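K.L.:
One predicted model, sequence on top.
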Amino acid sequence: MGFSYVGQAAEPEILYTGGTFDAGGATFRLGNWGGFWKEQWMEKFIPEFEKDFNCKVSYDGGWPWFPKYVAGGEKNPPHAVSNWNLFQMSKAANAGDFFVDIEEIKANIPNADQIWDFAWLSGTGVTWGFGEHCFVYRKDLVEEPHPTEFADFWEDRFDGMRASYITSNGLFPPLWMTAAQVFGEGPHDVATMEKAMKDSMPMKIVDFTGTMQMLLEKGEVVIGEQWDGELYTMLEAGLPLEVVWWPKGYRAILSQTFTVSKHVSALEKKLAYAFINRALSARWQYELAEVSLGLRSTNKYVRVPEKLAKWGVKNTAEAVAEIWVPEYTWYRENEDEIVRMAESIFAGH
């Protein structure tokens, strides 16, 4: 399951084979999140990379990336490497020939064989960090029997007290594609999506995960869609929450995924591969999991930090076998229809 893609007939261009090299002070353009995230990267990771490769990292924390790629055009990308959620990345991938294909990334990343297979399923970039979509509920406000199954989100007792996301949020598509799988003929069953949306009403529609957290804290909703990294943060804060995991094989991920721009100089592209290779190393993966607000690693050999392990997080083949990468290529092709349908339902029409 996931994206489908067709590899190019030509052999991938090999620019980087491992180790360090002297980039002669060249600039490497990186698009990554701002705020606290930027502070962590600039303090713990970027200086080491700049020193080891004699380069200067130009860090752009001014998301969103999509308008910058479209404005510059295919030949003038804003970054050599951009960090995306799959939902936004798929929009850019569909809009133009911006990125090198997955086989070329693999061929230039010596650490590629250490990465779980699902990290490559987008066909466009490599996922280095992830969390799982789930439902969370206030166990002090929900009477027994407590919800345990995906379908329990739709129980009548949660009418008006359940919450999900607006159509532009990356957590929107996986919920309804999973509902189509669980209740219908598969994740592309739009008719079943429509019924699931209608059956969920009345429901609060929120803009992003921070708003969901606030509503749960205040008790204005008692069950909502989240991702597990945010769940662990709320549990650490003492919020009385419990989790309902989505079905095995359809536990959709919220990802952090690196793309490499096709139309940059050979030197900057070589730095791009070196940077991603370093980010996928077991050492950086562990350190990133330590500081990145609940994200898990995609390197098979990384020990789970205690702050995640204590909540039951495992980095094993059995654990990642349950993961699903939604087929965003299909979603983008049908997005207009689905968004119109959802917004009409959410508006009460």
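P.N.:
Thanks, I have the structure now.

K.L.:
Starting from the longest strand seen in the chain, tell me which strands it pairs with and how they run.
P.N.:
The strand that spans the most residues within the chain, counting by DSSP state E, is strand 126-138. Partners of strand 126-138 in the sheet, by DSSP bridges, are strand 223-227 (antiparallel), strand 241-245 (antiparallel), strand 251-260 (antiparallel), strand 296-297 (antiparallel).

K.L.:
can you put those strands in JSON lines and add distance to residue 176, mean pLDDT and mean neighbour count?
P.N.:
(C-beta placed from N, C-alpha, C; glycine too.) Shown next, in JSON lines, are the strands paired with strand 126-138 (distance: least, CB to CB, whole Å; pLDDT from 0 to 100; neighbours: other CB atoms under 10 Å):
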{"stretch": "strand 223-227", "distance to residue 176": "10", "mean pLDDT": "97", "mean neighbour count": "25"}
{"stretch": "strand 241-245", "distance to residue 176": "17", "mean pLDDT": "98", "mean neighbour count": "18"}
{"stretch": "strand 251-260", "distance to residue 176": "11", "mean pLDDT": "95", "mean neighbour count": "25"}
{"stretch": "strand 296-297", "distance to residue 176": "24", "mean pLDDT": "95", "mean neighbour count": "27"}
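
K.L.:
mind checking which of those strands is nearest residue 288?
P.N.:
strand 296-297 (7.1 Å; CB to CB).

K.L.:
which residues touch the closest one?
P.N.:
Strand 296-297 has contacts (CB atoms under 8 Å, 6 or more residues apart in numbering) with 128-131, 229, 285-286, 288-289, 304, 308, 313, 315.

K.L.:
Try it again at 10 Å.
P.N.:
115-116, 119, 128-132, 228-229, 253, 280, 282, 284-289, 302-305, 308, 313-315, 319-320, 323 (CB atoms under 10 Å, 6 or more residues apart in numbering).

K.L.:
and it, how far from the chain's centre?
P.N.:
Chain-centre distance of strand 296-297: 11 Å, with CA atoms, centre = their mean, to the nearest Å.

K.L.:
roughly how far out does the following helix or strand past that strand sit from the chain middle?
P.N.:
Sequence-wise, the next helix or strand downstream of strand 296-297 (DSSP states H and E) is helix 306-309. Offset of helix 306-309 from its chain centre (CA atoms, centre = their mean): 20 Å.

K.L.:
pLDDT below threshold where in the stretch 151-300 of the chain?
P.N.:
Scanning the stretch 151-300 of the chain for pLDDT under 70 picks out nothing.

K.L.:
Over to the stretch 1-150 of the chain?
P.N.:
Within the stretch 1-150 of the chain, the set of residues satisfying pLDDT under 70 comprises 1-9.

K.L.:
how about the helices in it?
P.N.:
For the stretch 1-150 of the chain, applying DSSP state H, counting those that start in this stretch gives helices covering 35-44, 46-53, 66-72, 86-95, 102-107.

K.L.:
Nearest to residue 147, out of those?
P.N.:
Going by CB to CB, the one of these nearest residue 147 is helix 86-95, 25.7 Å.

K.L.:
CA atoms only for the closest one, dumped as CSV, please.
P.N.:
Taking Å, rounded to 0.1, in the frame of the first residue of the first chain, the C-alpha atoms of helix 86-95 are listed here in CSV:
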residue,chain,number,x,y,z
LEU,A,86,3.4,13.7,3.1
PHE,A,87,0.2,15.5,2.6
GLN,A,88,1.9,18.8,1.6
MET,A,89,4.7,17.0,-0.2
SER,A,90,2.3,15.2,-2.5
LYS,A,91,0.8,18.5,-3.6
ALA,A,92,4.3,19.8,-4.7
ALA,A,93,5.2,16.4,-6.4
ASN,A,94,2.0,16.6,-8.4
ALA,A,95,2.6,20.2,-9.5
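
K.L.:
in it, what's buried?
P.N.:
Across helix 86-95, burial judged by 16 or more other CB atoms under 10 Å covers 86-93.

K.L.:
Could you check the angle it makes with strand 126-138?
P.N.:
Between the axes of helix 86-95 and strand 126-138, defined by axes from the mean of the first three to the mean of the last three CA atoms, to 10 degrees, the angle is 140 degrees.

K.L.:
Give me the helices and strands touching helix 86-95, please.
P.N.:
Contacts defined by 3 or more CB pairs under 10 Å, 6 or more residues apart in numbering; DSSP states H and E place helix 86-95 against helix 66-72, strand 81-84, strand 126-138, helix 172-183, strand 251-260, helix 328-346.

K.L.:
Make JSON lines from the ones you listed and add distance to residue 193 to it.
P.N.:
Shown next, in JSON lines, are those (distance: least, CB to CB, whole Å):
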{"stretch": "helix 66-72", "distance to residue 193": "24"}
{"stretch": "strand 81-84", "distance to residue 193": "24"}
{"stretch": "strand 126-138", "distance to residue 193": "16"}
{"stretch": "helix 172-183", "distance to residue 193": "5"}
{"stretch": "strand 251-260", "distance to residue 193": "14"}
{"stretch": "helix 328-346", "distance to residue 193": "7"}
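
K.L.:
Nearest to residue 107, out of the strands paired with strand 126-138?
P.N.:
Nearest to residue 107, of all the strands paired with strand 126-138, is strand 251-260, at 11.4 Å by CB to CB.
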